[in-house]
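[1] Sequence and predicted structure, then a few things I'm wondering about:
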Amino acid sequence: MNKIFVVNKFLLVSVLTSCALIATANSVSAQDFDGVVTAADVHSNSHTLMPSVNSKNLRAAFDAAYKTYPALPAGSLEAVAFTATRGQWLAADATSHSGIPVPVGVMALHRGVGGFADLVGEAAQRTGLARAQIENDLSANVLAAAAIIDGRMTKVQKADRTLEGIANILAALSGVQNSAKSDALKYALTSHAYDVLLSADRGNDDGVLKFKATPIAFEKAFSVDNLKMLRAPMLRLDFTGKNANASVDITSETLKDDSAQAKSTDYAPALYVQSPNYSARGNTIQFVAIHDTEGSYAGTISWFSQTASQVSAHYVIRSSDGQITQMVRDAQKAWHVGVHNPYSMGIEHEGYATQTGWYTSAMYTASSKLTKNFCVKYAIDCSKTYKGSSSSGVVPLTGYTVKGHQHFSSNSHTDPGIHWDWPRYYALVNGVTSTTRIFDNFEVSEGHFNTPPTYSGSTTGIAASSTADRSNVRPKNGSYSERIVLNDNTASSAAWTVRQLSGAGDPAQNTAMARASGRIGFWVYASSGGVTVAASVDDSDGTERSVSKSIPSNVWTFVQWNLDDAAQWNAWSGGDGTITSASTLDAIWFYHAGASTPITVYVDDVQYTGP
């Protein structure tokens, strides 16, 4: 087996006893384990993500933790939370499609099962908090992570108590243990620490978890060999002293990797870590299965490296930068999609199907290039990549060669889920050139959305006091967005149906859109849960209305519909449910059960993408 070497300066400081891996040979009887449906085999789309996390209470939890543990480096908690959950809650009862133990809370603390460290137990000892508190309360969960970092920093010199100086502690918060001195687990730990520091270096200005960038001196946390292995970008690296002879690839702006690190021989951009969970393929490769990990990049590599997990995929892709690790050779059968394993390739994408923010441009780009490589090497028809609507359920599909785990028959899995952009992925895989036109960005005026939400006779359930106005309170891009405040009509018990018109309902005031390969979409943010959104389009025979999409509260979410996918549209006013060749945007719709308290919705960058 090829090995990945990690220098001694990057060792995991751990006070925990790790679980020994069960060393068994590859088993033919277990090769399709992932396809077996059991009572516990439920994807995380069914999780209840509680408690509610918003920017205000999350910030308060961070501030309280820093006050309790003042020695913590500034930005450490935010970077850990962003890397682990993007600031979203993982429920204590969560399960995953791959069997990987799902950690808990916004800090993603593991609970000591499946070979992962019992970080909840360690935090309980350090803080005196009950495990149940740490697993179900936001403030306790953040305080728990802070206590772990602070407690482990006692072994770090005071001068080194910086983000770079505690890289090994940040790695340990992944829950990955390495008492067996496994090269694969060393690699996973190094990757996790790098990702946390990369999060700190970039900062984040989106969603509920916003924090300023903290410049990181990566060469102080990692050796040059590790930075080469990680394909680290050239971020303020100091090439003086011991690093003076490091060579740089100007084209990719990364360190030239001329070391003896393990690399994929099947796909040059990928690194290589061997999973023990594979068997003989025996069939021609015909399909590509798109998965999400329901865990971190490091945790997934760790999980697939364990014989006891009995699950694997060919490749794993990191969210932050699109780094790829191969874990099963193309010629072998990975255990990822049950009865379809013999003739499919599996790609796992870091993230959680119910959460936003994981499927980044870097990830889409890296994944699409990998899939395109499969199509060329194994004569897979890329034009049959699925490009329809995303969903949160099991939707078996035939006739597609590149599709999600949720689209394969004989399985109960729903990944990659509602947030995966299939039209975008299709365009990237097939080299389809498209452009995006912003219809309304609200930077100068309300644009087409210059009427109150009560203007349309189709609106029901809300009061005339409801308003729509341009606001700089919560922009997604730029400095402004459209703020729509919905107040209940107390004289009506009807659920809310709000038609926010574009161009005052006059198609002539709106920009024409082509149907073929066209998509209409917008960014949306709601102050309350239970909001669903839709769009309607005027065409030659009337108005068609899209299927609705549920959005999470307190986070910006991008929603989009394909104009040429009849399954995404229904007849509404004079239409037939199919959009004709020429169309314009009619309105954006909001739905919610009647509510006594106002609900505020923000909309930004209403846009069309097409040829």
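    Okay, I see it.

[2] Got the domain ranges for this protein?
    Following automatic domain parsing, the chain resolves into domains at 49-216, 218-256, 271-432, 437-610.

[3] Retrieve the pLDDT associated with the spatially closest residue to A595 that is not a sequence neighbour.
    Once its chain neighbours are removed from consideration, A595 has its nearest residue in D488; the separation is 5.7 Å (CB to CB, 6 or more residues apart in numbering). Where you see a C-beta, it was placed from the backbone N, CA and C, and this is true even at glycine. For D488, the pLDDT comes out at 95.

[4] The stretch 351-500 of the chain: helices as residue ranges?
    361-377, 422-430 (DSSP state H, counting those that start in this stretch).

[5] Could you list the low-confidence segments of this protein?
    Under the criterion pLDDT under 70, the flagged ranges of the chain are 1-50, 180, 231-261.

[6] how about the CA coordinates for the longest helix seen in it, as PDB?
    Longest among the helix segments of the chain by residue count, using DSSP state H, is helix 183-202. Taking Å, rounded to 0.1, in the frame of the first residue of the first chain, the C-alpha atoms of helix 183-202 are listed here in PDB:
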ATOM      1  CA  ASP A 183      -0.700   6.900   7.600                       C
ATOM      2  CA  ALA A 184      -4.300   7.300   6.400                       C
ATOM      3  CA  LEU A 185      -5.400   8.700   9.700                       C
ATOM      4  CA  LYS A 186      -2.400  11.000  10.000                       C
ATOM      5  CA  TYR A 187      -3.300  12.300   6.600                       C
ATOM      6  CA  ALA A 188      -7.000  12.800   7.700                       C
ATOM      7  CA  LEU A 189      -5.900  14.700  10.800                       C
ATOM      8  CA  THR A 190      -3.500  17.000   8.800                       C
ATOM      9  CA  SER A 191      -6.200  17.700   6.300                       C
ATOM     10  CA  HIS A 192      -8.700  18.700   9.000                       C
ATOM     11  CA  ALA A 193      -6.300  21.000  10.700                       C
ATOM     12  CA  TYR A 194      -5.500  22.600   7.400                       C
ATOM     13  CA  ASP A 195      -9.200  23.100   6.600                       C
ATOM     14  CA  VAL A 196      -9.800  24.800  10.000                       C
ATOM     15  CA  LEU A 197      -6.900  27.200   9.400                       C
ATOM     16  CA  LEU A 198      -8.000  27.800   5.900                       C
ATOM     17  CA  SER A 199     -11.500  28.800   7.200                       C
ATOM     18  CA  ALA A 200      -9.900  31.200   9.700                       C
ATOM     19  CA  ASP A 201      -7.700  32.700   6.900                       C
ATOM     20  CA  ARG A 202     -10.700  33.300   4.600                       C
END
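
[7] which helices and strands sit right next to that helix?
    The contact analysis (3 or more CB pairs under 8 Å, 6 or more residues apart in numbering; DSSP states H and E) places helix 183-202 against helix 76-85, helix 167-172, helix 218-221, helix 224-229, helix 297-304.

[8] can you do 6 Å?
    helix 76-85, helix 167-172, helix 297-304 (3 or more CB pairs under 6 Å, 6 or more residues apart in numbering; DSSP states H and E).

[9] And these: which comes nearest A571?
    Judged by CB to CB, the one of these that comes nearest to A571 is helix 76-85, at 40.5 Å.

[10] elements contacting the closest one?
    The criterion is 3+ CB pairs under 6 Å, 6+ apart, and the helices and strands that helix 76-85 contacts are helix 183-202.

[11] try 8 Å
    Using 3+ CB pairs under 8 Å, 6+ apart as the contact criterion, the elements in contact with helix 76-85 are helix 55-68, helix 138-152, helix 167-172, helix 183-202.

[12] Give me the helices and strands touching the shortest one, please.
    Applying 3+ CB pairs under 8 Å, 6+ apart, one finds that helix 167-172 contacts helix 76-85, helix 138-152, helix 183-202.

[13] how far does that helix sit from the chain's center?
    Relative to its parent chain, helix 167-172 has a centroid offset of 22 Å by CA atoms, centre = their mean, to the nearest Å.

[14] now the last one
    Averaging C-alpha coordinates over helix 183-202 and over its chain gives two centres that are 17 Å apart (CA atoms, centre = their mean).

[15] Could you do stretch 575-591 as well?
    Taking CA atoms, centre = their mean, one finds the center of stretch 575-591 at 29 Å from the center of the full chain.

[16] same question, stretch 299-309
    Between the mean C-alpha point of stretch 299-309 and the mean C-alpha point of its chain there is a distance of 20 Å (CA atoms, centre = their mean).

[17] what does that stretch contact?
    Residues external to stretch 299-309 that are found in contact with it (CB atoms under 8 Å, 6 or more residues apart in numbering): 21-24, 98-100, 103, 114-116, 174-176, 182, 184-185, 187-188, 191-192, 273-277, 293, 295, 311-313, 316, 325, 327, 348, 350.

[18] quick one, phi psi at the residue of the chain most remote from its centre?
    Going by CA atoms, centre = their mean, the residue of the chain most distant from its centre is A491, 41.9 Å out. For A491, the backbone dihedrals are phi -80, psi 0 (criterion: degrees, to the nearest 10).

[19] just A331 next, same as before
    phi -70, psi -10.

[20] Apart from its chain neighbours, what residue comes closest to it?
    Nearest residue to A331 in three dimensions, chain neighbours excluded: R281, at 6.2 Å (CB to CB, 6+ apart).

[21] Give me the distance between that neighbour and N411.
    In this view, R281 and N411 are 19 Å apart by CB to CB, to the nearest Å.

[22] do V311 as well
    Applying CB to CB, the value for V311 to N411 is 13 Å.

[23] T490 against I462, yeah?
    No - contact criterion CB atoms under 8 Å: T490 and I462 do not qualify, at 10.6 Å.

[24] higher neighbour count, those two?
    Set side by side, T490 and I462 give different neighbour counts by other CB atoms under 10 Å, the larger being at I462 (26 against 9).

[25] Name all residues that make contact with that one.
    P453, T454, L486, N487, D488, N489, W496, V498.

[26] Return the most buried member of the helices of the stretch 351-500 of the chain.
    Stretch with highest mean neighbour count among the helices of the stretch 351-500 of the chain: helix 422-430 (a mean of 22; mean count of other CB atoms under 10 Å).

[27] Spatially central residue in this protein, please.
    W358 (1.7 Å).

[28] Contacts only, for it.
    W358 sits next to R86, D292, S319, H349, E350, G351, Y352, H419 when contact means CB under 8 Å, 6+ apart.

[29] let's see it at 10 Å
    By CB atoms under 10 Å, 6 or more residues apart in numbering, the residues touching W358 are 85-86, 88, 292-293, 319-320, 349-352, 416-417, 419-420.

[30] Could you do H291 as well?
    Contacts of H291 (CB under 10 Å, 6+ apart): 34, 97-98, 300, 313, 315-317, 336-337, 346-349, 353, 404-406, 413, 415-416.

[31] Could you identify the buried members of those residues?
    With neighbours counted by 16 or more other CB atoms under 10 Å, the contacts of H291 contain buried members at 34, 97-98, 300, 313, 315-317, 336-337, 346-349, 353, 404-406, 413, 415-416.

[32] burial count for the closest residue to I418 other than its chain neighbours?
    Excluding its sequence neighbours, the residue lying closest to I418 (CB to CB, 6+ apart) is S392, at 4.4 Å. By the other CB under 10 Å criterion, the neighbourhood of S392 contains 18 residues.

[33] same question, S389
    Going by other CB under 10 Å, the residues that sit close to S389 add up to 19.
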